[in-house]
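[1] only geometry, no sequence info:
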């Protein structure tokens, strides 16, 4: 089963429109979902080093997709926040990818499409486990 899940996730990543690397797209999605984050927190969520995340955030800033702001609770702390431009680009990527997935699902046998539809709640629960800080898989 795990080989199939990895194969499906890998194939679905290929459906993303070009223009954003997977790490940049993932970071934008995290900022959209989690809200403003400290750089170190963002690096931990994304599973990259702090210097690697600094490079990603610098690229996001250059492209006006994210900004660094001071934490209102502690002005010494810098937060990274998605911009409206970043949110719109992320929405566009999701729409394109969803359209491609829908087109592929339409080519499946109706029973297979129904089985995938029935599995979506379990797949969402799995995704929640992956993105939940308290239950990271090793």
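    Everything's here; your move. The structure displayed is predicted, hence computed values, not measured ones.

[2] okay, CA-based contacts and neighbour counts for the rest of this
    Fine.

[3] low-confidence ranges in the protein?
    Residues of the chain that meet the criterion pLDDT under 70 lie in 131-138.

[4] What is the subsequent helix or strand relative to the biggest helix by length in it?
    Looking across the chain with DSSP state H, the single longest helix is helix 84-107. Per DSSP states H and E, helix 84-107 leads on to helix 110-131 as the next helix or strand towards the C-terminus.

[5] For that following helix, which residues meet the burial criterion?
    residue 113 (16 or more other C-alpha atoms under 10 Å).

[6] Please apply the same query to stretch 72-92.
    Those would be 78, 79, 80, 81, 82, 83, 86, 87, 89, 90, for stretch 72-92 by 16+ other C-alpha under 10 Å.

[7] returning to what we had before: now for the longest helix of the chain, which elements pack on it?
    Helix 84-107 makes packing contacts with helix 22-34 when contacts are defined by 3 or more C-alpha pairs under 8 Å, 6 or more residues apart in numbering; DSSP states H and E.

[8] ok, back up a step: TSV please, covering the buried residues of stretch 72-92 and showing distance to residue 55.
    Compiled in TSV, these are given as follows (distance: C-alpha to C-alpha, whole Å):
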residue	distance to residue 55
78	15
79	15
80	13
81	15
82	15
83	17
86	16
87	19
89	19
90	19
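
[9] so which of those residues comes closest to residue 2?
    Distances from residue 2 to those, taken as C-alpha to C-alpha, are shortest for residue 90 (27.9 Å).

[10] one step back: what's the angle from the longest helix of the chain to helix 22-34?
    Put simply, helix 84-107 runs at 100 degrees to helix 22-34, going by axes from the mean of the first three to the mean of the last three C-alpha atoms, to 10 degrees.
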